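[1] Give me a 3D structure for the following:
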Amino acid sequence: MKNCKTERFGIILLAIALWLSSVGIIFLFTSYNADDSRQMSLSLAQLLRDVIARYFYVNYNDEFWHITLDSMIRKFAHFAEFSYHGFTTGILMVTLLNNKTWAALGLSAIVCSVTAMLDEYRQSFIPGRGPLWSDVAIDCIGALSGIAVFFLIYAVYSKIKSLKQRIRELEDRN
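    Alright, predicted model coming up:
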């Protein structure tokens, strides 16, 4: 019995560590001031532009490479970091709520939505940055995507586990 409790405790610690890593990533990216944040996204936009230019014609004076792609990268970063946050929040909630799937799903969505709002509010204290409802929406969509991916994987895993258990029961009968 003690081994089972120790294993569960280890799983809970792992779930918490994963969740904290997602919160840490969000906190880190929110901490950059406007100039540093913009420089990071512009650097990535230039890298993408240069890779694309190896294979296709690129007009370096086109505003797409300086404005639009930069904006797309910034919005995708919101989506990606919150997708990971949604995924790890799903893991944490399923672990803490002892496999109560629907409660874990709902609580995951609430936790991620609150995180998105707090993250945008925190940005109001960072020089040159401010909260945007559009970013909260992108964050929530990213989080819901991560939650959906996790719960899809979890549903498949649970079904396989229950089928294996059923097979064992049938074998034990014979």
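
[2] hang on, residue 107 packs against residue 93?
    Yes. Look at residue 107 against residue 93 with CB atoms under 8 Å: they come within range, at 5.0 Å. Heads up, the C-betas are built off the backbone N, CA and C, glycines and all.

[3] Give me the three-state assignment for residue 61.
    Applying DSSP: H, G, I helix; E, B strand; the rest coil to residue 61 yields a three-state assignment of coil.

[4] Over to it: give its phi and psi.
    Recorded main-chain torsions at residue 61 are phi -90, psi -10, according to degrees, to the nearest 10.

[5] For residue 36, see how far away residue 70 is.
    14 Å (CB to CB, to the nearest Å).

[6] wait, residue 132
    Applying CB to CB, one obtains 18 Å for the distance of residue 132 from residue 36.

[7] and if you look at residue 135?
    In this structure, residue 135 and residue 36 are 17 Å apart, going by CB to CB.

[8] which of the two has more neighbours?
    Just comparing residue 135 and residue 36: by other CB atoms under 10 Å the higher neighbour count belongs to residue 135, 19 against 12.

[9] and the helix or strand harbouring that one, what does it pack onto?
    With the criterion set as DSSP states H and E, the secondary-structure element containing residue 135 is helix 133-173. With contacts defined as 3 or more CB pairs under 8 Å, 6 or more residues apart in numbering; DSSP states H and E, helix 133-173 has these neighbours: helix 68-96, helix 101-123.

[10] Can you check which of those helices gets nearest to residue 13?
    Evaluated over the helices and strands packed on helix 133-173, closeness to residue 13 peaks at helix 68-96, with 9.6 Å, by CB to CB.

[11] Need the mean per-residue confidence for the closest one.
    For helix 68-96, the mean per-residue pLDDT is 95.

[12] for it, which positions count as buried?
    Of the residues in helix 68-96, those buried under the neighbour-count criterion (16 or more other CB atoms under 10 Å) are 69-70, 73-74, 77-79, 81-95.
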